[in-house]
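Student: Fold the following, please.
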Amino acid sequence: MARARVLVVDDEPEVLRLVAGVLERAEYEVAPAPGPKQALEIIATAGPFDLVVSDVVMPGMCGPELANEIRARSPSSAIMFISGCVPVGQLPNGIPYLGKPFTARDLLGAVARVLGATELKSGAG
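Tutor: The predicted structure is shown next:
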């Protein structure tokens, strides 16, 4: 079975490195993006991802705006938000959310649940 491809988007370098590292050690194929613009460039050049893990509050474009852009360009990509500070009403319904701080176990569990739900929706099996 092919490894799931995960795009990680976070403007905080330490968080980006941590999340990408945890996912890589769990044998996901990971592409890190230090911001929304870079994430969209990666999607344009590297094709669709199984999952996009994105911060919510970032300069230039917030997570929900990025999610809309990703859905337009890569409708098959699942999206999950991570954040330590979410303004009231900024999270759209239907997108899983993991609050910072979280453990590696929390992250891996959330990613597995989102990817599992995506496989069920796509009719795998």
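Student: count of neighbours near the closest residue to E24 other than its chain neighbours?
Tutor: In space, and not counting its chain neighbours, E24 is closest to V30: 5.0 Å by C-beta to C-beta, 6 or more residues apart in numbering. C-beta: built from backbone N, CA, C; applies to glycine. Neighbour count for V30, taken as other C-beta atoms under 10 Å: 21.
Student: does V30 count as helix, strand or coil?
Tutor: Counting by DSSP: H, G, I helix; E, B strand; the rest coil, the backbone at V30 sits in strand.
Student: tell me which residues form a beta bridge with it?
Tutor: Per DSSP bridges, the residues bridged to V30 are V6.
Student: which phi and psi does the nearest residue to D11 once chain neighbours are set aside have?
Tutor: Of all residues not flanking D11 in the chain, M58 sits nearest, at 4.5 Å (C-beta to C-beta, 6+ apart). M58 has phi and psi values of phi -140, psi 150 when expressed as degrees, to the nearest 10.
Student: So which residues make contact with the lowest-mean-pLDDT helix or strand in the chain?
Tutor: Lowest by mean pLDDT, DSSP states H and E among the helices and strands of the chain is helix 104-121, with a mean of 86. Helix 104-121 is contacted by residues 4, 6, 19, 22-23, 26, 28, 50-51, 53, 78, 80, 82, 96, 98, 102, 125 when judged by C-beta atoms under 8 Å, 6 or more residues apart in numbering.
Student: what about 6 Å?
Tutor: The contact list for helix 104-121 (C-beta atoms under 6 Å, 6 or more residues apart in numbering) reads A4, V22, A26, L51, A78, M80, P96, L98.
Student: got it, and stretch 46-62?
Tutor: Residues from elsewhere that reach stretch 46-62, judged by C-beta under 6 Å, 6+ apart: 4-11, 36, 63, 66, 70, 74, 76-83, 85-86, 114-115.
Student: Quick one: mean pLDDT over it.
Tutor: For stretch 46-62, mean pLDDT rounds to 93.
Student: CA atoms of that stretch as CSV?
Tutor: Extracted in CSV, the C-alpha atoms of stretch 46-62 (Å, rounded to 0.1, in the frame of the first residue of the first chain):
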residue,chain,number,x,y,z
ALA,A,46,3.5,18.1,-6.8
GLY,A,47,-0.1,17.2,-7.4
PRO,A,48,-2.8,16.3,-4.9
PHE,A,49,-2.1,15.2,-1.3
ASP,A,50,-4.2,12.8,0.7
LEU,A,51,-4.2,15.2,3.6
VAL,A,52,-3.4,18.9,4.2
VAL,A,53,-2.6,19.7,7.9
SER,A,54,-2.8,23.5,8.2
ASP,A,55,-2.4,26.1,10.9
VAL,A,56,-5.4,28.4,11.1
VAL,A,57,-3.9,31.8,11.9
MET,A,58,-1.2,32.7,9.4
PRO,A,59,-0.1,35.9,7.7
GLY,A,60,-1.5,36.6,4.2
MET,A,61,-4.2,33.9,4.3
CYS,A,62,-6.0,32.2,7.1
